[in-house]
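# Coordinates only, no sequence provided:
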């Protein structure tokens, strides 16, 4: 996917990252099919590959995954039409095959990877609550001192991640994720287009509110700003424009 010479320090011991994307779901608030967000997979993927990392793609249940329509640069909405990184991914059959046949999260070997990165999209807000294997694997990476990362609505995993003593993993941690100001923007957009009745929200709950309630120090950089933050071995990215930023913090933590 890249023309760069990755020039790894030791080609025999490359860093390895497991990227997790959400399985398809149906929104309980809109009734729309929802999935993962392309740029939250493709931008970290490219950043890692250009750093000489090896990347594998997983999903909680395995199998074919489907992206949210507006994250496709070829979608009629035109919302993501400038996303040339995703366009390249979509035109590379061997990469598309990775999304069409993801491995289940249960197959992630803790010893085989240096980091886990959970991408977002709309589906995590509806199916991560029941994704117990993903919750356990995310906590296992964190407690092993490996990098545990999530971005955008993928940070929904932090609502459910508990340490072995039952403490919310996110308590006392500085994190970011899809911010309330961005949820407000999304709600107003669908109301203006008449896609939902005013007062009906796109999401059933909000990342910022939920993580603050669990004791997190939630920070954000403003509406649609690319932003990620690291607190020890926990790394979080704000939204769909923060994929590369999140990956760069992972690389900063792990080295090359």
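It's in. Since the model is a prediction, treat every value here as computed from it, not as a measurement.
# Helices of the stretch 1-150 of the chain, start to end?
38-50, 84-90, 93-100, 124-127, 132-143 (DSSP state H, counting those that start in this stretch).
# now swap in the stretch 151-256 of the chain and tell me
Going by DSSP H, counting those that start in this stretch, the stretch 151-256 of the chain shows helices at 157-160, 180-192, 207-213, 243-254.
# so which of these comes closest to residue 113?
Closest to residue 113 of those is helix 243-254 (C-beta to C-beta; 10.6 Å). Using the backbone N, CA and C atoms, a C-beta is placed for each residue, glycine as well.
# what residues does the closest one touch?
Identification of contacts with helix 243-254 by C-beta atoms under 8 Å, 6 or more residues apart in numbering yields 15, 17, 39-44, 46-48, 51, 53, 114-115, 117, 119, 147, 149, 151, 226-230, 233, 235-237.
# Give me the pLDDT value at the residue nearest to residue 164 when sequence neighbours are not counted.
Nearest residue to residue 164 in three dimensions, chain neighbours excluded: residue 143, at 6.9 Å (C-beta to C-beta, 6 or more residues apart in numbering). As predicted, residue 143 sits at a pLDDT of 98.
# Any figure for the gap between residue 195 and residue 37?
Distance of residue 195 to residue 37, given as C-beta to C-beta, to the nearest Å: 18 Å.
# more crowded one of these two?
residue 37 (30 against 12; other C-beta atoms under 10 Å).
# For the more buried one, give me its contacts.
By C-beta under 8 Å, 6+ apart, the contact set of residue 37 is 67-68, 71, 119-122, 152-153, 240.
# before we move on, what about residue 140?
So residue 140 contacts residue 110 (C-beta under 8 Å, 6+ apart).
# what about the spatially most central residue of the chain, distance to residue 187?
Centroid check for the chain by C-alpha atoms, centre = their mean gives residue 119 as the closest residue, at 1.4 Å. For residue 119, the distance to residue 187 (C-beta to C-beta) stands at 22 Å.
# and residue 230, how many neighbours?
Counted with other C-beta under 10 Å, residues neighbouring residue 230 total 17.
# Same check on residue 150?
Residue 150 has 30 nearby residues by other C-beta under 10 Å.
# Next: residue 92.
Residue 92 is flanked by 12 other residues according to other C-beta under 10 Å.
# how near is it to residue 49?
12 Å.
# what do you get for residue 60?
Taking C-beta to C-beta, one finds residue 60 at 23 Å from residue 49.
# what about these two, which has more around it?
Shown here are residue 60 and residue 49; by other C-beta under 10 Å, residue 60 has more neighbours (27 against 17).
# That one contacts residue 20, doesn't it?
Yes - Residue 60 is within contact range of residue 20, at 7.2 Å (criterion: C-beta atoms under 8 Å).
# joint contacts of the two?
What both residue 60 and residue 20 touch, as defined by C-beta under 8 Å, 6+ apart, is the set 105, 134.
# May I see the helices of the stretch 1-150 of the chain arranged in a markdown table, with distance to residue 170 as well?
Listed next are the helices of the stretch 1-150 of the chain as a markdown table, based on distance: least, C-beta to C-beta, whole Å:
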| stretch | distance to residue 170 |
| --- | --- |
| helix 38-50 | 19 |
| helix 84-90 | 29 |
| helix 93-100 | 28 |
| helix 124-127 | 15 |
| helix 132-143 | 10 |
